[in-house]
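J.: Pasted the sequence and its predicted model underneath.
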Amino acid sequence: MTILLCSPDEKAAAERLANACKLPLLCYQQHRFPDDELKLTLPFADGDAPTQLVLYRSLDRPNDKLVELILLAKHLRGCGVKRVLLVAPYLAYMRQDIAFYPGEIVSQKIIGNLLAELFDAVITVDPHLHRIEHLREAIPRGDAIALSGAPRLADLIAEKCQQPLLIGPDAESRQWVELAAARIVCDYGVCSKVRHGDKEVVIALPDVPVSGRQVVLMDDVASSGRTMARAAEQLLAAGAASVDVAVTHALFAGDALATIQQAGVRHIWSTDCIAHDSNAISMAPILAEALAPLLI
């Protein structure tokens, strides 16, 4: 027997995956004590635990969620669950993959090894990998599967825009922009970026004609929104007919969404890897396809 388990705040996305996989869905309960300690309660007694369990937990705002994963996985193993699989559409702590200054902690290796210890498989979408090519280099044991939201976003862009021009806001976005442009056969370019701190960026547009074009800024994640906003402002100043934004992960921390909208962006589209009002694409079909061969 296999069940899909989720937290109440992610039930909508987990339900889409459960339906795609034809798995029963259950929610665990959370209680927070006055000192912020967590108490979790499973929807079944230890003696009724399934032989295999899929845990759905997207790791945006990850610190409390990582504690949840430890508590859940350790308890499930203790009550007889043979295989525990994690579907984490957004995977945190992957960007910190090297120490630039003495004393910096490389979180990617630590969190990756923790997940490898807890779970038999990890499935995620567009992990923010810089200097490694494969997710299994960060999660060294079990199955480590990285999917992409770019094809799904590309199909949406093709529906919404006529002859779109895809623009990546920085060099790191090239992989997703190239994948999407190849899928819908459209023009693309990639900006160059110099970052001054977490919120100050300088953008240089690529050498491609933008006048009169329907431009879509595309990336794996939008966090502070400053990079997207600066790029949008410059594209509109260069004569773009419109600028939309398509991202896999809608983090939009603080005033990020307002910052992007104030820059003149027309539409903002995201996948449901992180629940947000901008969600326009469900990742359940490709998550289910990746999960199916792992189920016993």
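T.: Done, it's in. These numbers were taken from a predicted model, which means no experiment stands behind them. Numbers count the residues shown, from 1 in each chain.
J.: remind me which residues of the stretch 51-200 of the chain are low pLDDT?
T.: In the predicted model of the stretch 51-200 of the chain, residues 195-200 satisfy pLDDT under 70.
J.: Repeat the analysis, applying 80 as the threshold.
T.: 193-200 (pLDDT under 80).
J.: Tell me which residue is most central in this protein.
T.: Centroid check for the chain by Cα atoms, centre = their mean gives residue 90 as the closest residue, at 3.3 Å.
J.: now it: how far from residue 123?
T.: For residue 90, the distance to residue 123 equals 12 Å [Cβ to Cβ, to the nearest Å]. (Each C-beta comes from the backbone N, C-alpha and C, glycine too.)
J.: same check, this time on residue 233
T.: Residue 233 is 37 Å from residue 123, by Cβ to Cβ.
J.: Which of the two has more residues huddled nearby?
T.: Neighbour count, other Cβ atoms under 10 Å: between residue 233 and residue 123, residue 123 has more, with 24 against 16.
J.: for the more buried one, helix, strand, or coil?
T.: Look at residue 123: counting by DSSP: H, G, I helix; E, B strand; the rest coil, its state is strand.
J.: give the contact list for it.
T.: By Cβ atoms under 8 Å, 6 or more residues apart in numbering, residue 123 lies in contact with 85, 86, 87, 88, 143, 145, 147, 287, 290, 291, 294.
J.: Surely residue 285 and residue 20 touch.
T.: Yes: at 5.9 Å, residue 285 counts as touching residue 20 under the criterion of Cβ atoms under 8 Å.
J.: and those two? which has more neighbours close in?
T.: Taking other Cβ under 10 Å, residue 285 and residue 20 do not tie; residue 20 has more neighbours (18 against 13).
J.: Give the buried residues for the helix or strand that contains the more buried one.
T.: Under the criterion of DSSP states H and E, residue 20 resides in helix 11-21. Under the neighbour-count criterion of 16 or more other Cβ atoms under 10 Å, helix 11-21 has 11, 13, 14, 15, 16, 17, 18, 20, 21 buried.
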